[in-house]
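Chemist: Just the structure for this:
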Amino acid sequence: MLKEGDKAPAFSSKDQNGNTVKLSDFKGTRVVLYFYPKDDTPGCTKEACSFRDADDVFRQKGIKVLGVSTDDERSHQKFINKFQLPFDLLADTDKKIVEAYGVWGEKSMYGKKYMGTIRKTFLIDEKGKIVKIFDKVNVSEHAGEVLEAFGEN
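Modeler: Numbers count the residues shown, from 1 in each chain. From the prediction side, this is the model:
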C-alpha cells in the first residue's frame with residue numbers, strides 16, 4: 001500500500017493517441033495522477049470535467065494532469081472528444097499501473113462483487129515523490145481540492 005512520502009512507482013503506458021507516456025517524462029514537473037473506473041460514466045465524467053474546467057490554472061502552475069483507467073485508447077479518444085478534455089488519458093489495459101498504485105481491487109454494485117479500478121488520486125512532486133493521496137474523491141470539486149493540496153488555490 002502506497003503512502004504519502006513514498007516514491008511514485010514508475011510506469012509506461014499508451015495515451016489516447018497511442019503515444020508512450022512514462023512518469024519519468026515529467027521529472028521536474030508536478031503531476032496529478034488520477035485513477036477512475038470508466039470512461040463516459042456519470043462520476044468519472046464529473047471528475048474529468050472538473051479537471052477540464054480548471055485546466056488553465058493547472059497549466060499556469062506547471063502541473064501535469066494525467067487520467068488513468070483500464071479503458072483502451074479508442075474509448076479514451078471518444079471520451080476526450082465528447083467532453084473536450086485537454087489532458088491525456090492513459091490506457092492501462094494490462095492493469096500494470098492500477099496494480100502498482102494499489103487501485104485495482106474488489107468493488108460492489110447492486111450487491112454484486114467484481115474487480116475494478118478504485119477512484120483515487122496521487123499528487124507527485126518534481127522529484128517523483130507522492131506528496132498527497134486522495135482516497136475519497138469529491139468528483140465535482142476534485143480539481144479545486146487538488147490545487148489546494150498543492151498550495152495553489
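Chemist: make it CA atoms for all contacts and neighbour counts henceforth
Modeler: Noted.
Chemist: what mean pLDDT does stretch 117-131 have?
Modeler: Here stretch 117-131 scores 96 as its mean pLDDT.
Chemist: Hmm, Thr45 and Phe36 touching each other?
Modeler: Heads up, residue 36 is Tyr, not Phe. No. The pair Tyr36 / Thr45 is not scored as a contact, 9.5 Å apart, by CA atoms under 8 Å.
Chemist: higher neighbour count, these two?
Modeler: Tyr36 (25 against 19; other CA atoms under 10 Å).
Chemist: How much space separates the more buried one from Glu126?
Modeler: For Tyr36, the distance to Glu126 (CA to CA, to the nearest Å) stands at 23 Å.
Chemist: Kindly report the same for Lys132.
Modeler: Using CA to CA, we find Lys132 at a distance of 13 Å from Glu126.
Chemist: More neighbours: the two, which one.
Modeler: Lys132 (19 against 13).
Chemist: Please give the element, helix or strand, for the spatially closest residue to that one that is not a sequence neighbour.
Modeler: Closest residue to Lys132 apart from its sequence neighbours, by CA to CA, 6 or more residues apart in numbering: Leu123 at 5.1 Å. Leu123 belongs to strand 120-124 when assigned by DSSP states H and E.
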